[in-house]
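S.K.: below is the structure, and that's it, no one-letter string:
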C-alpha cells in the first residue's frame, strides 16, 4: 500500500497496535503499548521513535 500522507500511515499504525509494517527494502515500524518503534535496513533490534518514513518511494505492507 502507498500512503498519501504521514498522518494516514501513523493513523493506520495506531489503529493496528502490535502489527508490524514493513516496506520493500526491509524498514519496519510498529506501534505498541503507546510507543512507536522502528527498525532501519539491517537493524536487528527495535528502536524507540519513528524514523525513515519513506512513504512515497515504496509500498508498505502489514506483516501481522
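M.R.: Noted; the coordinates are in hand. Keep in mind that this is a model prediction, so the values were computed, not measured.
S.K.: all the helices of the protein, residue numbers only.
M.R.: Along the chain, counting by DSSP state H, helices occupy 6-15.
S.K.: contacting residues for the nearest residue to residue 22 once chain neighbours are set aside?
M.R.: Take residue 22 and drop its neighbours on the chain: the residue closest to it by Cβ to Cβ, 6 or more residues apart in numbering is residue 28, 4.7 Å away. Every residue, glycine included, has its C-beta placed from N, CA and C. By Cβ atoms under 8 Å, 6 or more residues apart in numbering, residue 28 lies in contact with 20, 21, 22, 38, 39, 63.
S.K.: and the pLDDT at residue 28?
M.R.: At residue 28, the pLDDT value in this model is 93.
S.K.: for the residue lying closest to residue 50 once chain neighbours are set aside, give its distance to residue 59.
M.R.: Spatially, and ignoring its direct neighbours in sequence, residue 50 is nearest to residue 36 (4.9 Å; Cβ to Cβ, 6+ apart). To residue 59, residue 36 is 20 Å away according to Cβ to Cβ, to the nearest Å.
S.K.: relative to residue 52, how far out is residue 35?
M.R.: 17 Å.
S.K.: name the residues that touch stretch 43-56?
M.R.: Contacts of stretch 43-56 (Cβ under 8 Å, 6+ apart): 2-3, 5-6, 9-10, 23, 25, 27, 29-30, 35-40.
S.K.: let's see that with 7 Å instead.
M.R.: The contact list for stretch 43-56 (Cβ atoms under 7 Å, 6 or more residues apart in numbering) reads 3, 6, 9, 23, 27, 29, 35, 36, 37, 38, 39, 40.
S.K.: neighbours of the closest residue to the fifth one other than its chain neighbours, how many?
M.R.: In space, and not counting its chain neighbours, residue 27 is closest to residue 52: 5.1 Å by Cβ to Cβ, 6+ apart. A total of 13 residues lie near residue 52 under the criterion other Cβ atoms under 10 Å.
S.K.: much appreciated, bye for now.
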